[in-house]
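S.K.: Following is a predicted model, sequence given first.
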Amino acid sequence: MQLFYNKDITSTDSQFTFDKTESRHIVKALRKKEGDLLHITNGKNELFTVKIILANDKRCLVEITDTQSKPKPWNYTLHIAIAPTKNNDRLEWFLEKATEIGIDEITPIICSNSERTVLKTERLEKILQSAMKQSLKFVLPKLHEPIKFSDFIKQDFEGDLFIAHCEELDKKSFVKSIKPKTNILVLIGPEGDFSPAEIEKALTHKFIPVTLGESRLRTETAGIIATQTVALMNELG
């Protein structure tokens, strides 16, 4: 199945028109013609089967022939708050792989030791969309706007709260701390780790300090390890 994405398509629509860019891709690049079937998701757990009724490379018009509700394939909610990496490719890699595994929310957090404080979220959204389509998922992770750690930590969160850091302090094993079918929020710090003050602030807000293993991990690797660990422990649980 080749999956297309458009956030505007809804179950009440009978027809849908692709924009100029998508229309050209469908008609010129993919050589689709009138009568061909396509599959579209709006990233909200819905799959639409559509038939091309006007194969125009500037305005491809389709008729919706079937709508299916697709339950989320994982039975937990995972939110990763991660410091942007200095090399933007590494953050994009995390977003891509986390989407393929299964994640609900991602928040870039700006920390004391952050080397990157400005992000082009429009490009990151496209990375998420592409990964969702490639992995044939029908839910698009929510990417929040970058926020300072000090502001993020003040918010009210539901579920189990964890902070993964490298300081030689008392920490629990993350894998042993996960409870299946729960809401989970994990804080992942920058290359220089969270500052002692940030760790202390997280602890005062009821975040549990955890280790992701014996190795010292890059930021994006730590994010993937956390995402995959939650997925695996829920499968086993």
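M.R.: Yes, it's here. Numbering: from 1, shown residues only.

S.K.: so who does the residue sitting nearest the centre point of the chain touch?
M.R.: By CA atoms, centre = their mean, the mean C-alpha position of the chain lies nearest to Pro141, the distance being 3.7 Å. By CB atoms under 8 Å, 6 or more residues apart in numbering, the contact list for Pro141 reads 95, 98-99, 103-106, 128, 132. All C-beta atoms are positioned from the backbone trio N, CA, C, and that covers glycine.

S.K.: quick one: which of these is nearest to Glu191?
M.R.: Of all the contacts of Pro141, Leu95 has the smallest distance to Glu191: 17.2 Å, by CB to CB.

S.K.: For the helix or strand containing Glu122, buried residues please.
M.R.: Here Glu122, judged by DSSP states H and E, is contained in helix 121-134. Residues of helix 121-134 classed as buried by neighbour count (16 or more other CB atoms under 10 Å): 124, 127-129, 131-133.

S.K.: For His79, state which of these is nearest.
M.R.: Nearest member of these to His79, counting by CB to CB, is Leu128, at 14.2 Å.

S.K.: That closest one touches Lys137, doesn't it?
M.R.: No - look at Leu128 against Lys137 with CB atoms under 8 Å: they stay out of range, at 10.2 Å.

S.K.: which residues do these two both contact?
M.R.: Thr99.

S.K.: about what we covered before: tell me which two of the contacts of Pro141 sit farthest apart.
M.R.: Counting by CB to CB, the most remote pair of the contacts of Pro141 is Glu105 and Met132, 13.9 Å apart.

S.K.: Domains of the chain: list them as residue ranges, please.
M.R.: For the chain, the structural domains run 3-69, 77-236, going by automatic domain parsing.

S.K.: could those go into TSV alongside mean pLDDT?
M.R.: Putting the domains of the chain into TSV (pLDDT from 0 to 100) gives the following:
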stretch	mean pLDDT
domain 3-69	94
domain 77-236	95
